[in-house]
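1. Return atomic coordinates for the entry below.
(one chain, ligands or ions: 1)
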Amino acid sequence: MNRVLKAQGVTKRFAGITALDEVTMEIDEGERVGLIGPNGAGKTTFFNCLLGVLQTDGGTVEIAGRDVTGAPAYRRAKAGIGRTFQRIELFPDCTVRDHLVIAERIRRGDGRLWKDIIGLGRPRPAEVARCDEVLELLGLVELAEEPIERLSLGQGRLVEVGRALMTEPKLLLLDEPSSGLDRSETTALAKTLEEVQSTQGFAILLVEHDVELVTSFTTRSYVLDFGRLIAQGPTREVMASSEVRDAYLGNFEVAQ
Ligand SMILES: Nc1ncnc2c1ncn2[C@@H]1O[C@H](COP(=O)(O)OP(=O)(O)OP(=O)(O)O)[C@@H](O)[C@H]1O
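-> Purely as a prediction, here's the structure:
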């Protein structure tokens with residue numbers, strides 16, 4: 001099994017706060033892994049340290065066997081890491097297709113981007129093919145030419161996922177994909193994600209407050225509290241542990 005993430009002893013401090021304290025995590029290809037913890041535990045900071053949005057104060061990060069510690073975000077994207085955002089970061093009057101093509105160039109640090117900005121960039125055949133493939137995978141073909149402002153929040157989330165898939169990530173970081181969705185929209189999103197992930201084989205690291213989604217979607221989970229890993233293992237066991245329940249003040253039930 002190929003290892004897509006090897007993070008060792010990742011540490012991040014902000015002016016006196018240790019937001020991450022020697023966090024170690026390994027993920028293999030095709031795995032679905034949860035990262036949970038109360039507000040302020042360090043989940044977003046960990047994502048940002050993996051993505052290169054933040055530089056770490058200690059530790060190492062390998063993506064698909066490449067040491068990217070200290071590397072800028074675009075090099076990490078090329079190594080195989082992709083992400084979605086908690087708040088949808090889309091341009092309301094651009095179409096779904098525009099988002100997929102342009103986002104791929106931004107992530108890769110592609111030199112053609114300036115041409116896109118002044119309207120001269122034509123998608124390459126390979127980009128068009130990948131775009132069509134991703135639209136198909138996510139069931140978005142009929143919406144390809146629609147401006148984002150006409151989509152529902154759930155469809156917007158799928159476009160977010162589509163943007164990340166354009167670069168064919170080996171590891172996809174999902175930041176609270178259920179945020180703002182109701183239960184049936186969350187279930188539909190999880191089903192699409194599961195189908196796409198199982199056919200494409202990439203791994204997912206899911207940050208999510210919706211315990212039901214984490215329990216049904218992931219097989220393994222890590223739990224952060226005050227920047228430290230306090231538990232890890234099969235998701236159902238982790239959710240049932242007293243330390244995790246205490247960290248969350250015992251306010252959730254795990255469906256059996
Ligand atoms: N840019 C920053 N400057 C200073 N402190 C920060 C910064 N970013 C995060 N922190 C602090 O680091 C800690 C971890 O925050 P982080 O946002 O990573 O937690 P989280 O688990 O993602 O929380 P949530 O579930 O609310 O999104 C918190 O104490 C937060 O206040």
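2. quick one: the closest residue in space to residue 217 that isn't next to it in sequence and the ligand, what's the gap?
-> Distance criterion C-beta to C-beta, 6 or more residues apart in numbering; nearest residue to residue 217, sequence neighbours excluded, is residue 190 at 5.4 Å. For the C-beta atoms, the positions are set from N, CA and C on the backbone; glycine is no exception. Counting by C-beta to the nearest ligand atom, to the nearest Å, the gap from residue 190 to the ligand is 19 Å.
3. Repeat that for residue 216.
-> In terms of C-beta to the nearest ligand atom, residue 216 sits 20 Å off from the ligand.
4. is it true that residue 173 lies in a strand?
-> Yes: going by DSSP: H, G, I helix; E, B strand; the rest coil, the assignment for residue 173 places it inside a strand.
5. I figured it hits residue 82, correct?
-> Yes: Residue 173 is in contact with residue 82 according to C-beta atoms under 8 Å; the separation is 7.0 Å.
6. What segments of the stretch 101-250 of the chain are strands?
-> Taking DSSP state E, counting those that start in this stretch as the test, the strands found in the stretch 101-250 of the chain are 171-175, 203-207, 220-225, 228-234.
7. what does the longest one contact?
-> It stands for strand 228-234. Here strand 228-234 makes contact (C-beta atoms under 8 Å, 6 or more residues apart in numbering) with 21-25, 219-224, 238, 241, 243-244, 247.
8. so which of the residues you listed is the most crowded?
-> Scoring these on neighbours with other C-beta atoms under 10 Å, the highest-scoring entry is residue 224 at 27 neighbours.
9. got the residues of the stretch 1-150 of the chain near the ligand?
-> 14, 17, 19, 37, 39, 40, 41, 42, 43, 44, 45 (C-beta under 6 Å from any ligand atom).
10. quick one, what contacts the fourth one?
-> For residue 37, the contacting residues are 43, 223, 224, 225, 247, taking C-beta under 8 Å, 6+ apart as the criterion.
11. quick one on the thing from earlier: tell me which of the residues of the stretch 1-150 of the chain next to the ligand fall in helices.
-> Applying DSSP state H to these, the entries found in helices are 43, 44, 45.
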